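>>> Turn this into a model:
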Amino acid sequence: METPLRVLIVEDDLFMATDMEESLVKAGYIICGKATDFDEAVRLMKQNAPDILLVDIKLNGPADGITTVKELMRIKWVPIIYITGSSETETFNRAKSTFPAAFLHKPFRIRELSAQIDLAMHNFYAGNINGAPELPDHTFLPTGSGYIRVIKPEIQFVKADRGNTELFLTTSGFHRIYPTKAYQPINVSLNLGKLVPYLSGGFYQLSRSLVINLNYLDRIESNRLYIGSQEITIPEGARKPLIDRLQVVRTR
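I've put the predicted structure just below:
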């Protein structure tokens, strides 16, 4: 069963924020917070780790939605959908500098939200949204006994297993961490949704439960792919988007 997406709403119009919340809850999303200004948005971002942001460009206080988003992206990189009643070119260009997934112009139909969120998440996980902050080549991930330093180019693919995540590293990467152990997937105490934003552009989300490092993709067949000695079933409908992401010499 897939974990519902967690949405943070940053909107100073309480009636609109409530309408969005009610609509999204009915559609199966989790609203992990509603903020009306910069300080509250930062607090909720740190506290609740949302998967996606809905942000009004005009907010209470001296910091607008664009300034707020720039700070939030330093905490966790997630897709952004701006809500705006402005058509000013300067405002639009400032907002574009944060690489939003979409704009919703007021007034908009509440039922548009679900479609925009689904599209934003698809493009985000497919690597079609630019603007990731500069990330180090390693990260420390929690395991049952502490933390391990994982060098991202050593990750071949990542597979979700309920609330935990299995890392399939290169042999050398595994033995750098565990010199005396036989090779096996490493289980980390973190769900996949929280890990993805810390990965860099070479990774591709094949499904909600599987992320692959394209640098290790050796072979693709009709319904499976191969990374090293690992055979992975391609989910239905996922083969064409994957092919479109790759540099492929086509015969026709």
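
>>> Can you say which helix or strand has His122 in it?
Applying DSSP states H and E as the criterion places His122 in helix 112-125.

>>> per-domain residue ranges of the chain.
For the chain, automatic domain parsing gives the domain ranges 6-125, 138-245.

>>> Need these in a markdown table (columns: mean neighbour count and mean pLDDT).
C-betas here are computed from N, CA, C, even on glycine. Below are those laid out as a markdown table (neighbours: other Cβ atoms under 10 Å; pLDDT from 0 to 100):
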| stretch | mean neighbour count | mean pLDDT |
| --- | --- | --- |
| domain 6-125 | 17 | 86 |
| domain 138-245 | 15 | 88 |
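
>>> Ile9: what's it in contact with?
Ala17, Met20, Glu21, Ile31, Gly33, Lys34, Ala35, Leu54 (Cβ atoms under 8 Å, 6 or more residues apart in numbering).

>>> Keep only those of those residues that are in strands.
Secondary structure defined by DSSP state E assigns Ile31, Gly33, Lys34, Ala35, Leu54 of the contacts of Ile9 to strands.

>>> Tell me where the stretch 101-250 of the chain has strands.
102-105, 138-143, 146-151, 155-161, 164-169, 186-188, 203-207, 210-213, 217-220, 224-227, 230-233 (DSSP state E, counting those that start in this stretch).

>>> So which of these is nearest Asp244?
strand 203-207 (10.8 Å; Cβ to Cβ).

>>> now the angle between strand 155-161 and the closest one, please.
Inter-element angle recorded for strand 203-207 and strand 155-161: 30 degrees (by axes from the mean of the first three to the mean of the last three Cα atoms, to 10 degrees).

>>> Counting by contacts, list what strand 203-207 packs against.
strand 210-213, helix 239-245 (3 or more Cβ pairs under 8 Å, 6 or more residues apart in numbering; DSSP states H and E).

>>> gap between Ala63 and Asp137?
Between Ala63 and Asp137 the distance is 32 Å, computed by Cβ to Cβ, to the nearest Å.
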